[in-house]
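Participant: Here you go, sequence then predicted model.
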Amino acid sequence: YVVHQGCDHIFFVGFHGAGKSTLARNLGCLFHRDYVDTDRLVERMAGKSVCAVFAEEGAPALRAREAAALRCLAGRKSLLVSCGGGIVEGGESCRLMHAMGTVVYLDGSFEDSLRQIQHPEIRPDFATLEGARRLYRLRRPLYEREADLVLNIRNKTFEQVCSEAG
Ligand code: S3P
């Protein structure tokens, strides 16, 4: 990954609804760094929503599309990147993130995430409470394994999280 050296991006990972996009966007404004969202990149490159990618092509295809989206960030300057909740399931994406910068895990509670799930249709697992909980339990060790830094966001206001992250 020689081409990626010199990048110092920050990748925010965590469960759906943890607040990755909001935090990355706000820190971007604060520190004058560009902000990108892998879901939006995937959508632009695929020409359809992540929801449609997931439904029509399946999870492995979404993982491959996420890795392709990350590859496009090589060579760009100091980005704040909010990542799709499942990105840590992709080995290639994990390698790319570590080669290009720092991985920060927004560690929030399942209940808080649940409150933020406005579109349960984005993944079949989110359709039931048990499905969503199972996915949360499955994902936590993956986020922890990939994290260079864990940001505990439980019982914190958005301002507190921002100032800790900053
Ligand atoms: C997913 C989370 C979504 C999106 C896709 C799959 C997941 O991203 O990438 O629907 O598997 O957890 P957000 O966490 O940004 O909502």
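Facilitator: Now that the structure is in, tell me what you want to look at.
Participant: List the pairing partners of the biggest strand by length in the chain within its sheet, with orientation.
Facilitator: If each strand of the chain is counted by residues according to DSSP state E, the longest one is strand 101-107. Next to strand 101-107 in the sheet, as set by DSSP bridges, lie strand 9-13 (parallel), strand 149-152 (parallel).
Participant: most packed of those?
Facilitator: Ranked by average neighbour count under the criterion mean count of other CB atoms under 10 Å, the strands paired with strand 101-107 are headed by strand 9-13 at a mean of 26. All C-beta spots, glycine's among them, are computed from the backbone N, C-alpha and C.
Participant: tell me the mean pLDDT for that strand?
Facilitator: Averaging pLDDT along strand 9-13 yields 97.
Participant: elements contacting the very next helix or strand once past that strand?
Facilitator: Helices and strands here follow DSSP states H and E; after strand 9-13, the next one along the chain is helix 20-31. Applying 3 or more CB pairs under 8 Å, 6 or more residues apart in numbering; DSSP states H and E, one finds that helix 20-31 makes contact with strand 9-13, strand 35-37, strand 80-82, helix 158-165.
Participant: What's the local residue count around residue 88?
Facilitator: Applying other CB atoms under 10 Å, we find 26 other residues in the vicinity of residue 88.
Participant: what's the spacing between the closest residue in space to it that isn't next to it in sequence and the ligand?
Facilitator: Beyond its immediate neighbours in the sequence, the residue positioned closest to residue 88 (CB to CB, 6 or more residues apart in numbering) is residue 142, lying 4.2 Å away. For residue 142, the distance to the ligand (CB to the nearest ligand atom, to the nearest Å) stands at 11 Å.
Participant: State whether residue 142 and residue 90 are indeed in contact, as I suppose.
Facilitator: No - look at residue 142 against residue 90 with CB atoms under 8 Å: they stay out of range, at 10.1 Å.
Participant: The two - which one has more neighbours?
Facilitator: For the pair residue 142 and residue 90, the greater number of neighbours falls to residue 90 (22 against 16), based on other CB under 10 Å.
Participant: Select, out of the helices and strands packed on helix 20-31, the one closest to residue 63.
Facilitator: Shortest separation from residue 63 across these is recorded for strand 9-13, at 13.5 Å, computed as CB to CB.
Participant: how about the longest helix seen in the chain: buried residues?
Facilitator: Selection of the longest helix in the chain by residue count, based on DSSP state H, yields helix 129-146. Within helix 129-146, the residues that qualify as buried are 132, 135, 136, 139, 140, 142, 143, 146, counting by 16 or more other CB atoms under 10 Å.
Participant: All set now, cheers.
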